[in-house]
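Colleague: below is the structure, and that's it, no one-letter string:
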């Protein structure tokens, strides 16, 4: 069975602060993919990143960065210099490459105050 | 990337009526479609997996007679909430996977009054 844990239910920061959202996963598969999505109030899921289990290189995209550590089964997401528009619910998810279905964490609600 | 079009985006219906939600793959063929439900302030939970031309597979605790799934073609999967009740009010979202990348519909916010 697969499981994704986002221990932080809610995070509140002041604009321009850096913030890290944690994600820990469990799977018996050797090949899998990890994702981060942003869900604004409209509900639509906005894709942020995909990382496969064989690629532990960290990635930076603008103010976003991701740290994948297979040894600790973690895939953490950092927003640098946060902005009010970053306020949303963020989901970490895992896909089993055989089944194709996504397992989501419970989500972290990020509030960035001006 | 692949596009999944889901509609309606919002629907309000009376208790006891049925509501159909459609998901179309616009530029590719989706042999499998996943249907998720998200209650307020909760995560997305997989309800069922539909496969083109065969019966859907439902997750434990999901009533197959209440949530009818049809995947009659490679570009269309539908979810019908039958005899809807207020507790069915939720956000429903479909998804398919292409080359291990997941693509989601825009979601349908169902309110049963």
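Modeller: Structure's in. What do you need? It should be emphasised that the depicted structure is a prediction, and the values quoted were computed from it without experimental measurement.

Colleague: who in chain A is up against chain B?
Modeller: Contact residues (CB under 8 Å from any CB of the partner chain) of chain A with chain B: A:33, A:35, A:43-45, A:47, A:50, A:52, A:91, A:93, A:95, A:97, A:100-107, A:109. Where C-beta positions appear, they are placed from N, C-alpha and C, glycine not excepted.

Colleague: go again with 6 Å.
Modeller: Contact residues (CB under 6 Å from any CB of the partner chain) of chain A with chain B: A:33, A:43-45, A:50, A:97, A:100-102, A:104, A:106-107.

Colleague: from the residues you listed, which has minimum pLDDT?
Modeller: Minimum pLDDT for the residues of chain A next to chain B is recorded at residue A:97 (73).

Colleague: and it, how far is that from residue B:72?
Modeller: 27 Å (CB to CB, to the nearest Å).

Colleague: more neighbours: which of the two?
Modeller: residue A:97 (15 against 11; other CB atoms under 10 Å in any protein chain shown).

Colleague: list the contacts for that one?
Modeller: A:31, B:100 (CB atoms under 6 Å, 6 or more residues apart in numbering or on different chains).

Colleague: state the pLDDT value of residue B:98.
Modeller: For residue B:98, pLDDT reads 82.

Colleague: how about residue A:9?
Modeller: Value listed for residue A:9 in the pLDDT field: 96.

Colleague: before we move on, what about residue B:92?
Modeller: The model's pLDDT for residue B:92 equals 97.

Colleague: which residues does it bridge with?
Modeller: residue B:37, residue B:108 (DSSP bridges).

Colleague: okay, it and residue B:46: tell me how far apart.
Modeller: 12 Å.

Colleague: and if you look at residue A:4?
Modeller: Using CB to CB, one obtains 12 Å as the distance from residue A:4 to residue B:46.

Colleague: for those two, indicate the residue with more neighbours.
Modeller: Neighbours of residue A:4 and residue B:46, each counted by other CB under 10 Å, are more numerous for residue A:4; the result is 24 against 19.

Colleague: is it true that that one lies in a strand?
Modeller: Yes: under DSSP: H, G, I helix; E, B strand; the rest coil, residue A:4 falls within a strand.

Colleague: grab the nearest non-local neighbour of it.
Modeller: For residue A:4, ignoring the flanking residues on the chain, the nearest one in space by CB to CB, 6 or more residues apart in numbering or on different chains is residue A:105 at 3.9 Å.

Colleague: for the residue nearest the centre of chain B, give me its contacts.
Modeller: With distances taken as CA atoms, centre = their mean, the residue of chain B nearest its centroid is residue B:35 (4.1 Å). Applying CB under 6 Å, 6+ apart to residue B:35 gives the contacts B:47-48, B:79, B:94.
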